[in-house]
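**Q** Sequence isn't available, so here's the structure alone:
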């Protein structure tokens, strides 16, 4: 974690602290269960404790930080079932977006979706050779996030899109790099392509099926890795 830019006069110190902490949580620099001592974080960020404490409260309201009596705040560590519930909600939103937005699929949408798919595939190919490299793990998660959020944009519902983005943050934050996940399994590229091809054919049933199969594959890989590592 780096110190914040104090020359950014357009943003409050609490906002700067929030952005820095959120980035560290999503990138797994701060992992589920890690303690978040405001004094130590303030020293790292180069600011006072007060904006850090406000940022922690904000992250707590978003479900990313947990406060317990008599203990310092910690990065929230969900159970396996809670992570699976996040996937189910994301899947429901993606399916509904496809159903509601199939008539909005045009050449422009497909061109952009194809570009995002190609970016994901390029990231996946790079990570395949260096799966232990943290930087590549982050790159492929970002490419995957962009692709799925664009898919959900088919549903012109701003609140639903905002909810999906927030859920995506939770999914990425709660999956520790050394613990999971879909990026180490075979199949995501083909699954994404099936979603794209179904949308290109304007086949809503096939697109919905492809989305559900993709999420089922991710959940299956998650559960298998959890069992292999002996986590609950």
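**A** Here it is on my side, so go on. Keep in mind that this is a model prediction, so the values were computed, not measured.
**Q** how is this structure carved up into domains?
**A** The record's domain parsing of the chain by automatic domain parsing lists 13-75, 80-229.
**Q** Was I right to think residue 51 contacts residue 13?
**A** Yes. With contact taken as CB atoms under 8 Å, residue 51 and residue 13 are classed as touching, separated by 3.7 Å. For glycine as for every other residue, the C-beta is placed from the backbone atoms N, C-alpha and C.
**Q** Next, format the domains of the chain as CSV and append mean pLDDT, distance to residue 1 and mean neighbour count.
**A** Converted to CSV, the domains of the chain look like this (pLDDT from 0 to 100; distance: least, CB to CB, whole Å; neighbours: other CB atoms under 10 Å):
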stretch, mean pLDDT, distance to residue 1, mean neighbour count
domain 13-75, 93, 5, 17
domain 80-229, 86, 14, 16
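**Q** Is the residue lying farthest from the centre of the chain part of a helix or strand, or is it coil?
**A** Note on the chain: the largest C-alpha distance from the chain mean falls to residue 70, namely 30.4 Å (CA atoms, centre = their mean). Three states are possible here, and by DSSP: H, G, I helix; E, B strand; the rest coil the one that applies to residue 70 is coil.
**Q** Pretty sure residue 98 sits against residue 199.
**A** Yes. Taking CB under 8 Å as the definition, residue 98 is a contact partner of residue 199 at 7.4 Å.
**Q** Now do the shared contacts for these two.
**A** Shared contacts of residue 98 and residue 199, defined by CB atoms under 8 Å, 6 or more residues apart in numbering, comprise residue 207.
**Q** What strand or helix carries residue 197?
**A** Applying DSSP states H and E as the criterion places residue 197 in helix 188-200.
**Q** chain center to the helix or strand that that helix is followed by: distance?
**A** In the C-terminal direction, the helix or strand that comes right after helix 188-200 (DSSP H and E) is helix 204-229. Distance of helix 204-229 from the chain centroid (CA atoms, centre = their mean, to the nearest Å) equals 15 Å.
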